[in-house]
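Enquirer: next comes the sequence, and after it the predicted model I'd like to discuss.
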Amino acid sequence: MPVLFLLTDNRVFEGALMKSNLLLKNMTIRFDREILHDVSYEFKSGYFYLLQGQSGIGKSSLLNVLGLLKRPIAGEVVYDGQNLWSLDDATQARVRLKDYGFVFQQHNLIDTMTLEENLKVPLLKSNLPEAKKAARVTAILDKLGLEDQRHMLPEDLSGGEDQRGAIGRALISGARIILADEPTNSLDSENARMFYEQLADFAHQQQAIVIVASHETLPEDYADQILTINNRQLVPQSGTKLFNRAIPESMAGQPTASAVTYRSDLSNKQALVYDNYQSAKKLPIGFLVIVTVMLAVASIVLNVPQILASQQQRELNQATDNSLFVTNNTLGTGSHQDLDPFRNLTIKQIQKIKKMPGITSVQPYYTFLSYGLTKENVRQPVPKGSNFSLGGKSYHVDETFSIQPIYKSDLTKKYLYANGHPAKVGTNFIVSQDFLEKNHISTKSAMGKQVAFEVYIPYAQYLSESELPTNNKKKVAIDGNIYVQQPLAATITGVYASNYPYDRSEQGNAFFMDDASMTTLLHSAIRANTTSDQIFQGFKQQPFGYSALRLEAKSYNDMVSMTKTIKSSSGFYSVSSVAQNVASLNATVQKAKNGTRQIALLFIMASMIALTILFSMNNRQRLREVGILKAVGFTTKDVRRILFWNAMKYGCYCFGGAALLIVVAATIMALRLGVHFIAIILTAFITNLALSFGVTIFASLWPIRLISRKDPIDIIKASYGQKRG
């Protein structure tokens, strides 16, 4: 076992020899109970004091108050003419760093640092060059006999080696006040005796103040004054004598060649240096993997729905902007639906529209209904709803629904479908998502099933007149459809999304069928029925005609010009297009974006809460590190800066891992969903950048934010789960 020979080596300690006493003034200390009450005492520079007595009388508590580690109930600790407890956090930290050296009873080396790194910590804020810091650490380790253990963690040191390391850390900065709590409880008798002898020499020769708390008798041989706590008072023991030593004139007030100075605040560079000291810190790989996956998923969830919605919106606009829907708006309602009371377009009107420049195709628009006027039901009340079967199961619909045409150019627009797509030949249905939702039918139960109902197909029209909704004194000629009822069954091959732009039903209840099949059924109904059978006596009847047309323009510009031309040609025409419904479409898309954004934010909040809990559990060991750092002279601001850069390191790991997962996910989505690879990469990477660093910094700093404001010894004790002061 090496013999300690440390404190009298002037090569290790550099600083001015000064004489300043440490005063307790009207001090009251209370933790679980009152330990000292209104105590005043002066600790003189150049003397060795021993606080003696059994465990529990308050020796450690007094040292903590003297060392600025625990605030007293009342009273002052005065040094260099200042009440140290009246100073701010930064000034107190500077005093602890420059003037104090504290040897803890539990040693309190930082577990994740090697012995050498632990000794470097008090010098981190000094003005010493790195070479001199290293030389000072090497000299201390050599004097302590710990050179061979410099790269070992505290857990790998013996009790004596650990304690000698703690002593070295307390003395390395050239402290003027040494506070030692049971400093030799892990040392053998030879080293303990040598240590106390050197403490006494250090106090006497360097004009320092040494205060040791111990229940042992050994330090009695070296102490200048033995004190105990009795009846809440600090009492000198009888038989001890305080020597009145004077500073030798040859040493008084003489500074050494290079005094050490310390920064007020830790710089970012020094914080990074400290983080590099944690060379032995084991990164929790499993924890980082979980964090990485959660952040990658959050980044994708937050952006992909918006990208898909925006992509769908762009494609929808590009594909449908050139179509127009024209109605003969006789009643002036401005409706975009093909309603019965609209007056038929004449053959002349239709031919004129067809000949307009820029028009590529004109298709008549009509609908089949779930209920309509026939010669059989003309005297019957309108029924409340209708029935249909789906996959052999019966359903009742309270509202009427319609069957609308899907034109050839729409059959290939797969992005319009929430599920499936229509067959290009044969009789089959596409059903609207709104219809399924209103009737509580799931998409899964509808797809591929046969739907059967009675359908009403128009074959003729009756002529009448009606008052204008805007002027009931004025009447206009109208016509209404006459229908024939016949059964119809078809397989559902697809589901239109709820924002399908071509749904022109009155209540949003609609089936869709290809216009070729509907035209065949319409012509069959017209051929099979005659207009000579009078429906309403006194009302004229005529063959079936169209009051609405669907037009295709060559280009977007043609569509815009056609809209203006058609409207100007007749005051009764109403023209609409998907381009005119962009605001409504944008509102629907925005609603979808908001919904997915809320889900993503909930996921991110859940991730943040989970990460905070995990960091809190993982930071239990780090709480003691925070307390130790504050005890050796770091400010709360310093500690947070250190933790910030440590969180940034975690953020780098998380960002890198999540970025790889995002690339993989983006590749799969580009291949399977047709998502633009670059779009998802850019947006998800930006989100990942914000989340990786934002979440890790928040989750890392939040658990320690409040505790870092506490007194250093309370933080250390909290990490041990201790309660007593």
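Expert: Arrived safely, thanks for sending.
Enquirer: C-terminal to whichever strand or helix holds Arg136, what's the next element?
Expert: Under the assignment given by DSSP states H and E, the secondary-structure element containing Arg136 is helix 130-144. Next along the chain after helix 130-144, taking DSSP H and E as the criterion, comes helix 159-171.
Enquirer: now that following helix and helix 130-144, what's the angle there?
Expert: Angle of helix 159-171 versus helix 130-144, following axes from the mean of the first three to the mean of the last three Cα atoms, to 10 degrees, is 140 degrees.
Enquirer: who touches helix 159-171?
Expert: Applying Cβ atoms under 8 Å, 6 or more residues apart in numbering, the set of residues contacting helix 159-171 from outside is 1, 4, 6-7, 12-13, 101-104, 107-109, 115, 118-119, 121-122, 140-141, 143-146, 149, 154, 157, 178, 180, 183-188, 191, 195, 632. For every residue, glycine as well, the C-beta is placed using N, CA and C.
Enquirer: can you give me the helices for the stretch 151-300 of the chain?
Expert: If DSSP state H, counting those that start in this stretch is used as the criterion, the helices of the stretch 151-300 of the chain fall at 159-171, 189-206, 268-277, 285-320.
Enquirer: winner for burial among those?
Expert: helix 159-171 (a mean of 24; mean count of other Cβ atoms under 10 Å).
Enquirer: determine which of the helices of the stretch 151-300 of the chain approaches Thr563 most closely.
Expert: When the helices of the stretch 151-300 of the chain are compared by Cβ to Cβ, helix 285-320 sits nearest Thr563, at 14.1 Å.
Enquirer: can you tell me the average pLDDT over that closest one?
Expert: Per-residue pLDDT values over helix 285-320 give a mean of 67.
Enquirer: keeping just the C-alphas, turn the helix or strand following that helix into PDB.
Expert: Once the chain leaves helix 285-320, the next helix or strand it forms, by DSSP H and E, is strand 323-328. Coordinates of each C-alpha in strand 323-328 appear next as PDB, following Å, rounded to 0.1, in the frame of the first residue of the first chain:
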ATOM      1  CA  SER A 323     -64.600  18.700 -67.600                       C
ATOM      2  CA  LEU A 324     -67.800  20.800 -67.400                       C
ATOM      3  CA  PHE A 325     -71.300  20.000 -66.200                       C
ATOM      4  CA  VAL A 326     -74.000  22.000 -67.900                       C
ATOM      5  CA  THR A 327     -77.600  22.100 -66.800                       C
ATOM      6  CA  ASN A 328     -80.600  24.000 -68.200                       C
END
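Enquirer: buried ones in the helix or strand following strand 323-328?
Expert: Elements were assigned by DSSP H and E; along the chain past strand 323-328, the next helix or strand is helix 347-354. In terms of neighbour count (16 or more other Cβ atoms under 10 Å), helix 347-354 has its buried residues at Gln349, Ile350, Ile353.
Enquirer: tell me the SS of the most centrally placed residue in the chain?
Expert: Residue closest to the average C-alpha location in the chain (Cα atoms, centre = their mean): Ile604, at 4.2 Å. The three-state label for Ile604, taken from DSSP: H, G, I helix; E, B strand; the rest coil, comes out as helix.
Enquirer: how many neighbours does the closest residue to Gln450 other than its chain neighbours have?
Expert: Among residues not flanking Gln450 along the chain, Thr491 sits closest, at 5.2 Å (Cβ to Cβ, 6 or more residues apart in numbering). Neighbour count for Thr491, taken as other Cβ atoms under 10 Å: 15.
Enquirer: right, and Thr491 touches Met447 too?
Expert: No: Thr491 is beyond contact range of Met447, at 9.3 Å (criterion: Cβ atoms under 8 Å).
Enquirer: which residues does Gln270 contact?
Expert: For Gln270, the set of contacting residues under the criterion of Cβ under 8 Å, 6+ apart consists of Leu124, Lys125, Arg263.
Enquirer: ok, 6 Å please
Expert: Contact analysis of Gln270 by Cβ atoms under 6 Å, 6 or more residues apart in numbering lists Leu124.
Enquirer: okay, it: pLDDT?
Expert: The per-residue pLDDT of Gln270 was computed as 82.
Enquirer: gap between it and Arg641?
Expert: With distances defined as Cβ to Cβ, to the nearest Å, the gap from Gln270 to Arg641 amounts to 9 Å.
Enquirer: can you check Lys473 too?
Expert: Taken as Cβ to Cβ, the spacing of Lys473 relative to Arg641 amounts to 82 Å.
Enquirer: more neighbours, those two?
Expert: For Lys473 versus Arg641, neighbours defined as other Cβ under 10 Å are more numerous around Arg641 (20 against 6).
Enquirer: in three-state terms, label that one for me.
Expert: Here Arg641 takes the helix state, with states given by three-state DSSP.
Enquirer: circling back to that earlier point, where does the residue nearest to Gln450 fall, secondary structure wise?
Expert: With elements taken from DSSP H and E, the one containing Thr491 is strand 471-496.
Enquirer: pLDDT of that strand, averaged?
Expert: What strand 471-496 shows for mean pLDDT is 85.
Enquirer: which elements pack onto it?
Expert: Of the remaining helices and strands, those touching strand 471-496 by 3 or more Cβ pairs under 6 Å, 6 or more residues apart in numbering; DSSP states H and E are strand 417-420, strand 428-432, strand 450-468.
Enquirer: return the distance of that strand from the chain's centre.
Expert: Distance of strand 471-496 from its chain centroid, counting by Cα atoms, centre = their mean, to the nearest Å, is 53 Å.
Enquirer: just checking: what are the partner strands of it?
Expert: Using DSSP bridges, the strands paired with strand 471-496 are strand 417-420 (antiparallel), strand 428-432 (parallel), strand 450-468 (antiparallel).
Enquirer: so which of those gets nearest Gly651?
Expert: For the strands paired with strand 471-496, proximity to Gly651 was assessed by Cβ to Cβ; strand 417-420 is nearest, at 38.9 Å.
Enquirer: can you list contacts of that closest one?
Expert: Around strand 417-420, the neighbours that count as contacts under Cβ under 6 Å, 6+ apart are Gln433, Thr443, Met447, Thr493, Gly494, Val495, Ala497.
Enquirer: any regions of the stretch 301-450 of the chain where pLDDT drops low?
Expert: The model of the stretch 301-450 of the chain has pLDDT under 70 over residues 304-321, 331-341, 415, 424-425.
Enquirer: from Leu416, how far out is the residue nearest to Gln450?
Expert: From Thr491 across to Leu416, the span is 19 Å (Cβ to Cβ).
Enquirer: can you check Leu436 too?
Expert: 16 Å.
Enquirer: for Leu187, same thing?
Expert: Leu187 sits 83 Å away from Leu416, taking Cβ to Cβ as the criterion.
Enquirer: equivalent analysis for Lys475, please.
Expert: As defined by Cβ to Cβ, Lys475 lies at a distance of 41 Å from Leu416.
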